Each structure stands twice: as structure tokens, then as C-alpha cells.
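Asks: Test case, fold it:
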Amino acid sequence: MKEKNKRRWWMWVVVALVFVVYAATMLVVRLNNPIHLQKTVYQQWKQDYLVTRGQATFVNAGTTKHPAGLSEAQGYGMMITAVAGQRGWASQKEFDRLLNYYLSERDVVNNKQTALMKWRQYQKDGQWVSDANSATDGDLYIADSLALAAKTWPKRAAYYHRLEKALANDILAYEYNPTTKVLTTGDWVDAKCAITS
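Replies: Sure, this is the predicted structure:
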């Protein structure tokens, strides 16, 4: 009888160990799955939406046949890349390529170079052209991404903060209505325009 109880006891120990191992495995899989899924989605996003032109990369907000860059998409892409950098999935070089595109597409207002980004770039008659207006939301996303990049890559923080400050100053100078105390939709909005926010 003692032998039978001893076998039952060992059987329960084995069952308990199998359960503990199974539960621990499921817990690890459950905790790591969202991270794996996020990394997979990020890598697929890079493959599907990022387009390299020379030393710069833009986020394609158009189609494969008719690519287009938008300041909003560029700002989102820069934010996504900075977050991916915090997780070790993106490099500073990848962020800087997106930054280079922004820097190459800054808007001119009253013959003055600004830190605002031209809101749209696209192909027309075989040439890459830019619309000479800004979009405030895109500029805000870009400024926010620069602040995030400064935290992600501290060795370049001073540079990113300098660009962020110049952009914030131009947002207030060209995309802010001091009478209504609200941001406008872009640098093209003036006091005579019916659309002011």
C-alpha cells in the first residue's frame, strides 16, 4: 500500500511540474508576443512605406506608382522611428535619413527660409515638385519627433533640440494667430482668411 501511495505522490509531482512549466511558457509567450508583433509591424511598415532618395528617406503617403510625401506622414514616420530606436529596432542613421528629407523640404515664406516643412511633395510631368505651403500638424509631429530623438540618441540631443527650437519658433511665427491665440492650419493662413484654425 505504501508503494502505491508513493507512486501517486510522484505522479502528482510530475503533473504539477508539467503544469508549472506549461504555465511559465504561456506567460513568457503572452508577455513577449505584443513586443514581437510590434517589431514585425514596424519592419513591415518600413518595407512598405519608406522610400529612399539619395541621403534622405521619406514616408510614402501616395501609392507605389504615384509616390507622395506629406509633412504629416514625415512627422509620424520620424516619431515611429524614434520610438523604434528606443526599443533597439531602428538606428540613429535611419532617423537621420528621415530628418534629411525634412531638412531638404523646408518652406520659404516671404523669401525667407523657415524650419517649416512644405506640406506635400509629388511627381508631376516626371519631375519631383513641392507645394509651397506648410501644414501645422505635420510641423508639430516633426518637432515632437525631434524631442523624442534627443532622448533616444543623447549624443545628438543638442542638434535635435536646436532643430526642434527653430521649428517651434517658426510655428509660432508663421502658424499661430495672435488675435485668436490658436494655431492655424498652415503658414498660408492670414488674418483675411476664413479658415483660421
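Asks: Below-threshold pLDDT in this structure: ranges please.
Replies: Scanning the chain for pLDDT under 70 picks out the ranges 1, 29-32, 191-197.
Asks: Which residue ranges of it form helices?
Replies: Secondary structure of the chain by DSSP state H: the helices cover 2-49, 71-86, 92-104, 136-152, 157-174.
Asks: okay if I get those as JSON lines plus mean neighbour count?
Replies: For the C-beta atoms, the positions are set from N, CA and C on the backbone; glycine is no exception. Shown next, in JSON lines, are the helices of the chain (neighbours: other CB atoms under 10 Å):
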{"stretch": "helix 2-49", "mean neighbour count": "11"}
{"stretch": "helix 71-86", "mean neighbour count": "23"}
{"stretch": "helix 92-104", "mean neighbour count": "20"}
{"stretch": "helix 136-152", "mean neighbour count": "22"}
{"stretch": "helix 157-174", "mean neighbour count": "17"}
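Asks: a markdown table for these, including distance to Ala61?
Replies: Formatted as a markdown table, the helices of the chain follow (distance: least, CB to CB, whole Å):
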| stretch | distance to Ala61 |
| --- | --- |
| helix 2-49 | 8 |
| helix 71-86 | 4 |
| helix 92-104 | 12 |
| helix 136-152 | 10 |
| helix 157-174 | 20 |
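Asks: Out of those, which is closest to Thr64?
Replies: Set against Thr64 and scored by CB to CB, the helices of the chain come closest in helix 2-49, at 9.1 Å.
Asks: Mind giving me the packing neighbours of that closest one?
Replies: If you count contacts as 3 or more CB pairs under 8 Å, 6 or more residues apart in numbering; DSSP states H and E, helix 2-49 packs onto helix 71-86.
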